[in-house]
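A.B. asks: need a structure here:
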Amino acid sequence: MISQISIKKTAVFTGHNAAIFGLAPAARPGYFLSAAGDGWLVEWSADAPELGKLLAKVDVQLFSMCHLPEAQLIVAGNMNGGVHWVDLADPSATRNVTHHQKGVFAARRLGDAVLTAGGDGVLTRWSVAARRSTESLQLSGKSLRCFDYNPERQELAVGASDGNIYLLSAADFALIQVLQDAHQPSVFSVCYSQDGRTLYSGGRDAHLKSWARNTGGWVLDQVAPAHHFTINDIAIHPGGQVLATASRDKTVKLWRASDLRLLKVIDTVRDQGHLNSVNRLMWLPERKMLLSAGDDRSILGWEVDLF
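C.D. replies: Next comes the predicted model:
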């Protein structure tokens, strides 16, 4: 069982001119992509932080992204509800589809489709081949802030600004269960464990929660008063034993996944961490690296060793 963590900052990626909201793996090992409020989509090398490559630029703030390397596509959601289909082979062919009525806060691939979650409370499935929406569900009267997919159960967990977590069938968006008042007043992050048996969530109430399944569905298992302000993102270590949380309080924290025991705090002064809100996290397993991106326009790379 993990009891200690050693963390060292090994890379600083700068170049964006606004807050960074999106991170995604690139096609090549050791590389990753970012999306930010400056409308830039950038590719970075973990081994050469100073050599960021601008892939495409749009004229509106980007809130989310996902990468489809075999199709040479990036799908990015903007602050006005538009979904950009960025053709990496021909950036001039980028297409913006106005769809959601408010910001697109989450986007990810699911099989041969892409899902987006919007500030209008709508969850949408998109055809990658046709680059158009094929199914939409008005799930809430408030913003959908986040979602994750459980392949073991073929289930989606969707967090909303009404405080609820919605469990849906990924196949047809059928509602399975609602975790009422999961966070107050809003759910900002959800993440399944690798085995699909635990669901982690974080909210504006700054609490980290774990949910377990019983015969009646998902039930609250553990609660940790984790941060001083909103938990913006949760990311599971590739080994499955540790999870990281990112917060508006400028810190990144690492927790033992089994019991939500706090293992490490990455802060501004002691660790030369972020100066402002930390918005997004991503693990680069081939580099033993945790990436954190924030309002300070930087991405920091942390070498993580578990003991």
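A.B. asks: can you give me the strands for the stretch 51-200 of the chain?
C.D. replies: 62-68, 73-78, 82-87, 95-98, 104-110, 113-118, 122-127, 132-138, 144-150, 155-160, 165-169, 175-179, 187-192, 198-203 (DSSP state E, counting those that start in this stretch).
A.B. asks: In TSV, list the ones you listed along with mean neighbour count, distance to Ala18 and mean pLDDT.
C.D. replies: Every residue, glycine included, has its C-beta placed from N, CA and C. Converted to TSV, the strands of the stretch 51-200 of the chain look like this (neighbours: other C-beta atoms under 10 Å; distance: least, C-beta to C-beta, whole Å; pLDDT from 0 to 100):
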stretch	mean neighbour count	distance to Ala18	mean pLDDT
strand 62-68	24	9	98
strand 73-78	26	13	98
strand 82-87	21	16	96
strand 95-98	14	18	94
strand 104-110	23	16	97
strand 113-118	24	21	98
strand 122-127	21	25	98
strand 132-138	14	27	97
strand 144-150	23	20	98
strand 155-160	26	24	98
strand 165-169	21	30	98
strand 175-179	16	33	98
strand 187-192	26	20	98
strand 198-203	25	24	98
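A.B. asks: Could I get these in TSV, plus columns for distance to Ser277?
C.D. replies: Below are the strands of the stretch 51-200 of the chain laid out as TSV (distance: least, C-beta to C-beta, whole Å):
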stretch	distance to Ser277
strand 62-68	14
strand 73-78	19
strand 82-87	24
strand 95-98	27
strand 104-110	15
strand 113-118	20
strand 122-127	25
strand 132-138	29
strand 144-150	14
strand 155-160	18
strand 165-169	22
strand 175-179	25
strand 187-192	11
strand 198-203	13
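A.B. asks: Which among the ones you listed is found nearest to Ala35?
C.D. replies: Closest approach to Ala35 among the strands of the stretch 51-200 of the chain (C-beta to C-beta): strand 62-68, 4.1 Å.
A.B. asks: Give me the contact list for that closest one.
C.D. replies: 21-27, 33, 35-37, 39-41, 73-79, 84, 103-109, 114, 116, 128 (C-beta atoms under 8 Å, 6 or more residues apart in numbering).
A.B. asks: which residue sits closest to Gly141, ignoring its sequence neighbours?
C.D. replies: Sequence neighbours aside, Gly121 is the residue nearest to Gly141 in space, at 5.6 Å (criterion: C-beta to C-beta, 6 or more residues apart in numbering).
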